[in-house]
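# With the sequence up front, the predicted model follows.
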There are 2 protein chains.
Amino acid sequence: MAKNITSQTLQRLPLYFSYLVSLPESRKSGNISATAIAEALGLNDVQVRKDLASVSRGGRPRTGYITAELINDIGRFLGFENHDGVVVAGVGNFGRAMLGSDSFADYGFDIVCGFDCNEKLAGTVINGKPVRHISEMRSFCISENIKTGIITVPENSAQEVCDIMTESGIKYILNFASVHLNVPKNVVVHNENISITLAMLARRDFF
Amino acid sequence: MAKNITSQTLQRLPLYFSYLVSLPESRKSGNISATAIAEALGLNDVQVRKDLASVSRGGRPRTGYITAELINDIGRFLGFENHDGVVVAGVGNFGRAMLGSDSFADYGFDIVCGFDCNEKLAGTVINGKPVRHISEMRSFCISENIKTGIITVPENSAQEVCDIMTESGIKYILNFASVHLNVPKNVVVHNENISITLAMLARRDFF
């Protein structure tokens, strides 16, 4: 599928996509040029034009792209149209933020359920998504064939939750707990360490 | 300071640091070898040994490093000991998660205050951090000489909040709102788009 696309282009496509979907509705209903996107993202406009031409035939001289069409073309190319179910373990502040966000859908993810060890939270609904007791996560993930999980539990229970996820067939884990997780070879973990991101950002003259 | 260090080493040091600080207290009080760190992080142990030797003299044959000392050496080298004040604009789920997290301190950041447009939140305290009305953010940032800000407000008010931050002297912005922010040339924005992270993770065979 992506044979004729360089990995550099592939890395940039999600950025174009996120910029386009983040535009106000008024601009989404209009046209946009590769030059405008390049300026907004601080990229070379020849490069942006080439990137977009590789995934969309909608580009027109002067008028540019119909924004909605371009969003669809990039999203289709990146596979954002095939929705995957995602579970969230830990319904604290981060977990609520995940369940409460509607932006995942644009990228082909549906947060389908949150899980927590707090009996009081089990049975509640956040942003239309059910919250169940953590003890139900294994059977849920197996029966729903869930492949992606987000861990937002406290550090001391992250590995335990991670083990349940991998034992239930989850292959991709986004980990917000600042602990190193041990997983089987066929499972991929991305550690979302906001402290490191902040350090890299605020000390970028150093890094 | 980092003249004799390669940028690759510099990029890896925060990973060693986060792994070490994430260890349970029992292991933090003991020793750790470069080999153990390399195995845990899936890195080459010769490389890890070289990286650590460049910032710490604590390495001993067989016994390895005293974990607490190694954490201090890496942290000192990365400047994590000089604490910077950080403000959080938007005290929703993400904002609460930021205010509620104690892990920033390890990396040299103190979340000093949260700001929100909700009058009811102004005057409250979250995890010992005060929440003030957004109208007070400008004067606070100027008087406290704040250089780093985190934006967790809804998309439609993110640019407005961003403008207040940059006008108050903030130079580094971590943006959780999925909108593109326009900032002056001397300000750096890092867009934390969890949807893209998830897409890159769960479709890594594709990317």
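Nice, thanks for sending it over. Numbers count the residues shown, from 1 in each chain, chains lettered A, B, ... in the order given.
# Please count neighbours and contacts with C-alpha atoms only from this point.
Noted.
# what about the longest helix along chain A, near chain B?
Criterion DSSP state H: the longest helix present in chain A is helix A:7-21. Yes. For helix A:7-21, a contact with chain B is found by C-alpha under 8 Å from any C-alpha of the partner chain, at A:7, A:10-11, A:14, A:18-19.
# List only those of those residues flagged as buried.
Buried residues within those, defined by neighbour count using 16 or more other C-alpha atoms under 10 Å in any protein chain shown: A:10, A:14, A:18-19.
# so can I have a markdown table of those residues showing distance to residue A:39?
Formatted as a markdown table, those follow (distance: C-alpha to C-alpha, whole Å):
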| residue | distance to residue A:39 |
| --- | --- |
| A:10 | 19 |
| A:14 | 16 |
| A:18 | 15 |
| A:19 | 12 |
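# Report how many residues lie close to the residue nearest to residue A:107 when sequence neighbours are not counted.
Nearest in space to residue A:107, with sequence neighbours left out and distances taken as C-alpha to C-alpha, 6 or more residues apart in numbering or on different chains, is residue A:80 at 4.8 Å. Other residues near residue A:80 number 20, with proximity taken as other C-alpha atoms under 10 Å in any protein chain shown.
# In terms of secondary structure, what does the helix or strand that the longest helix of chain A is followed by contact?
Toward the C-terminus, helix A:7-21 is succeeded by helix A:25-28 as the next helix or strand (DSSP states H and E). In terms of contacts (3 or more C-alpha pairs under 8 Å, 6 or more residues apart in numbering or on different chains; DSSP states H and E), helix A:25-28 is packed against helix A:67-77.
# Go ahead and name everything in contact with the helix it packs on.
By C-alpha atoms under 8 Å, 6 or more residues apart in numbering or on different chains, the list of residues contacting helix A:67-77 from outside reads A:13-14, A:17, A:20-21, A:27-32, A:52, A:55-56, A:58, A:81, A:107.
# Distance check, residue A:130 against chain B.
Here the criterion is C-alpha to the nearest C-alpha, to the nearest Å. By it, residue A:130 lies 17 Å from chain B.
# ok, that residue touching residue A:121?
No. Here residue A:130 lies out of contact with residue A:121, judged by C-alpha atoms under 8 Å, at a distance of 9.6 Å.
# quick check: domain ranges of chain A?
For chain A, the domain assignment from automatic domain parsing gives the residue ranges A:7-77, A:84-197.
# Single out the most deeply packed of the ones you listed.
Per residue and on average, the most neighbours among the domains of chain A fall to domain A:84-197, with a mean of 19 (mean count of other C-alpha atoms under 10 Å in any protein chain shown).
# can the helix or strand hosting residue A:87 be found next to chain B?
Here residue A:87 is covered by strand A:84-89, with elements defined by DSSP H and E. No. No part of strand A:84-89 sits close enough to chain B to count as contact by C-alpha under 8 Å from any C-alpha; the gap is at least 9.2 Å.
# Can you name every helix or strand that the helix or strand following that strand contacts?
Scanning the chain past strand A:84-89 towards its C-terminal end, the next helix or strand to appear is helix A:93-100 (assignment: DSSP H and E). Contacts of helix A:93-100 with other secondary structure elements, assessed using 3+ C-alpha pairs under 8 Å, 6+ apart, are made with strand A:84-89, strand A:109-116, strand A:125-126, helix B:93-100.
# Would you mind saying which of the ones you listed lies nearest residue B:169?
Each of the helices and strands packed on helix A:93-100 was scored for nearness to residue B:169 using C-alpha to C-alpha, and the closest is helix B:93-100 (20.8 Å).
# For chain A, what lies in contact range of chain B?
Near chain B, when you scan chain A using C-alpha under 8 Å from any C-alpha, you find A:2, A:7, A:10-11, A:14, A:18-19, A:22-23, A:40, A:93-94, A:96-97, A:103-104, A:107-108, A:148, A:172-174, A:178-180, A:182, A:188-190, A:195-196, A:198-199, A:201-202, A:206-207.
# Neighbouring strands of the strand holding residue A:87 in the sheet, and parallel or not?
Strand partners for strand A:84-89, identified by DSSP bridges, are recorded as strand A:109-116 (parallel), strand A:148-151 (parallel).
# now the ones you listed in a markdown table, with distance to residue A:159 and mean pLDDT?
Putting those into a markdown table (distance: least, C-alpha to C-alpha, whole Å; pLDDT from 0 to 100) gives the following:
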| stretch | distance to residue A:159 | mean pLDDT |
| --- | --- | --- |
| strand A:109-116 | 15 | 96 |
| strand A:148-151 | 10 | 97 |
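# With distance to residue B:63 as new columns, can those strands be given to me in CSV?
Written out in CSV, the entries for the strands paired with strand A:84-89 read as follows (distance: least, C-alpha to C-alpha, whole Å):
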stretch, distance to residue B:63
strand A:109-116, 40
strand A:148-151, 34
